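Colleague: got a sequence here, can you build the structure:
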Amino acid sequence: MEPARRDFLESLLETPSPSGYEVRGQRQWVEYVSGFADRVESDAYGNAYAVHEGGEPTVAFAGHADEIGFIVRKIDDDGFVHIGRIGGSDHTVSEGQHVTVHADEPVRGVIGQTAIHLRDDHGVDEIGEQTVDIGVEGGDEARDLVEVGDPITFSSTTADLEGTRMAARGIDNRVGVWAAAEGLRRAVEADVEATVVGVATVQEEVGLKGAQMVGYDLHLDAAIAVDVTHATDTPGSPGDKGGDIHLAEGPVIARGSTNNPALVEAVRTAGDEADVDYQLQAAGGRTGTDADAFYTQRGGIPSLNVGLPNRYMHTPVEVIDTEDLVAVADLLGAFAERAGEYETFGVDV
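Modeller: Reported below is the predicted structural model:
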């Protein structure tokens, strides 16, 4: 990955952006795409999009900017911060972790776990039973630092593993907004004869809300939602869930349900002609991504979910191969160069 693109990726990963509190991350994205887009806009909830004006059709590359996390639910008189979920936070990995409460100023804390010497083997506490210790003596001191409604994220950021593997919190889905920006940048560099819109949506983790707004607001001929998908190449991955998806074997093109067959074929053709390796994934029901929101807007927008293989999703140590991520951008760029050849991406009945 080129150094400038890697710097952009790390800036996204290191900027906390829990659902409902995405502004800081969106500002990073807007600053980057403003360097090459014809125009950049945002809406009342912080969805952001950048446009290459190239004629018809109009296609969108979208990723969601938000990550899972926690929220301050109450502060007790002993100064402990009681938490709730933001999105699908996993209660089995949260205890014993360093966290940051994003108050007016960041407040460091830990989600405590009773020492093994002192507890009965009663299983793992639910999120609502877990508390953050910020090191204060009592409730008044805690309330001077944090308040109800402040978001919380794990404090971990990025770590390079061997080769081109990377571990980080919030890979789901900083990689998607990175890819949306990079797909747009490649369309600009190629001066493609289609209008390409790079989109960074908000609040995907709490119900695909941002994509619903964007799908209604923009008049799109096609939408490609880039998100993570489960890599199943690790010990313990159940064989009856997901598909046969591996790191370092390319992006994942979903087929079925949400995924418009004509758009699937167009993207596969672009990938084949550009020699971009990709994997296939079955989606017999919903995809669980922004594609599910896009495709039901305005009478039906041809939509597709492209996934990045991701290990350990919704934990502080998600793992990807950055070469797969570069290949996602390659795939989007190849499709953008061919998009002008299509009058429609609808199926022929």
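Colleague: ok, now how distant is E95 from I127?
Modeller: 10 Å (Cβ to Cβ, to the nearest Å). Any C-beta I mention is one placed from the backbone N, CA and C, and that applies to glycine too.
Colleague: the more surrounded of those two?
Modeller: I127 (20 against 17; other Cβ atoms under 10 Å).
Colleague: hmm, the more buried one is touching H82, no?
Modeller: No - applying Cβ atoms under 8 Å as the test, I127 and H82 come out as separate, 9.6 Å apart.
Colleague: please list all residues in contact with E182.
Modeller: R5, V328, A329, L332, G333 (Cβ atoms under 8 Å, 6 or more residues apart in numbering).
Colleague: filter those down to the ones in helices?
Modeller: Judged by DSSP state H, the contacts of E182 include R5, V328, A329, L332, G333 as members of helices.
Colleague: which SSE is the closest residue to the first one other than its chain neighbours in?
Modeller: Yep, that's R5 we're talking about. Spatial nearest neighbour of R5, excluding adjacent residues (Cβ to Cβ, 6 or more residues apart in numbering): E182 at 6.7 Å. Under the criterion of DSSP states H and E, E182 resides in helix 171-190.
Colleague: helices or strands up against whichever helix or strand comes after that helix?
Modeller: Per DSSP H and E, the first helix or strand lying C-terminal to helix 171-190 is strand 195-201. In terms of contacts (3 or more Cβ pairs under 8 Å, 6 or more residues apart in numbering; DSSP states H and E), strand 195-201 is packed against helix 23-33, strand 48-52, strand 58-64, helix 171-190, helix 209-217.
Colleague: angle of the longest one against strand 48-52?
Modeller: When axes from the mean of the first three to the mean of the last three Cα atoms, to 10 degrees is applied, the directions of helix 171-190 and strand 48-52 differ by 20 degrees.
Colleague: by how many degrees do helix 171-190 and helix 23-33 diverge?
Modeller: 20 degrees.
Colleague: now helix 171-190: how far from the chain's centre is it?
Modeller: Offset of helix 171-190 from its chain centre (Cα atoms, centre = their mean, to the nearest Å): 12 Å.
Colleague: that one: which residues count as buried?
Modeller: Buried residues in helix 171-190, counting neighbours by 16 or more other Cβ atoms under 10 Å, are found at 171-188.
Colleague: so what's the residue count around E341?
Modeller: E341 sits with 12 neighbouring residues when counted by other Cβ under 10 Å.
Colleague: picking that back up, could the helices and strands packed on strand 195-201 be laid out in TSV, adding mean pLDDT and distance to R311?
Modeller: Shown next, in TSV, are the helices and strands packed on strand 195-201 (pLDDT from 0 to 100; distance: least, Cβ to Cβ, whole Å):
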stretch	mean pLDDT	distance to R311
helix 23-33	98	22
strand 48-52	98	28
strand 58-64	98	19
helix 171-190	98	9
helix 209-217	97	25
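Colleague: G112 contacts I134, correct?
Modeller: No - using Cβ under 8 Å, G112 is not in contact with I134, being 10.6 Å away.
Colleague: wait, what's in contact with the residue positioned nearest the centre of the chain?
Modeller: Central residue of the chain (Cα atoms, centre = their mean): N173, 1.5 Å from the mean position. Residues near N173 by Cβ under 8 Å, 6+ apart: G63, H64, A65, D66, E67, E204, V226, D227, V228.
Colleague: okay, those in CSV with neighbour count and distance to P261 next?
Modeller: Compiled in CSV, the contacts of N173 are given as follows (neighbours: other Cβ atoms under 10 Å; distance: Cβ to Cβ, whole Å):
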residue, neighbour count, distance to P261
G63, 31, 23
H64, 32, 24
A65, 31, 29
D66, 30, 29
E67, 30, 32
E204, 29, 24
V226, 32, 19
D227, 25, 20
V228, 23, 23
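Colleague: among these, which pair sits farthest apart?
Modeller: Among the contacts of N173, the pair separated by the greatest distance (Cβ to Cβ) is E67 and V226, at 15.1 Å.
Colleague: excluding chain neighbours, what is closest to the residue nearest to the centre of the chain?
Modeller: Leaving aside its sequence neighbours, N173 sits nearest to H64 (Cβ to Cβ, 6+ apart; 4.8 Å).
Colleague: I'd say that neighbour and K209 touch.
Modeller: No - contact criterion Cβ under 8 Å: H64 and K209 do not qualify, at 9.8 Å.
Colleague: what do these two both touch?
Modeller: Residues within reach of H64 and of K209 at once, by Cβ under 8 Å, 6+ apart, are V202, Q203.
Colleague: point out where the stretch 101-250 of the chain drops to low pLDDT.
Modeller: For the stretch 101-250 of the chain, the stretches with pLDDT under 70 are 239-240, 242.
Colleague: gap between the two ends of stretch 307-326?
Modeller: Terminal residues of stretch 307-326 are spaced 12 Å apart (Cα to Cα, to the nearest Å).
Colleague: quick one: the helices in the stretch 151-300 of the chain?
Modeller: Ranges of helices within the stretch 151-300 of the chain are 171-190, 209-217, 261-273, 291-294, based on DSSP state H, counting those that start in this stretch.
Colleague: dump those helices to TSV, plus distance to I71.
Modeller: Below are those laid out as TSV (distance: least, Cβ to Cβ, whole Å):
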stretch	distance to I71
helix 171-190	18
helix 209-217	16
helix 261-273	36
helix 291-294	23
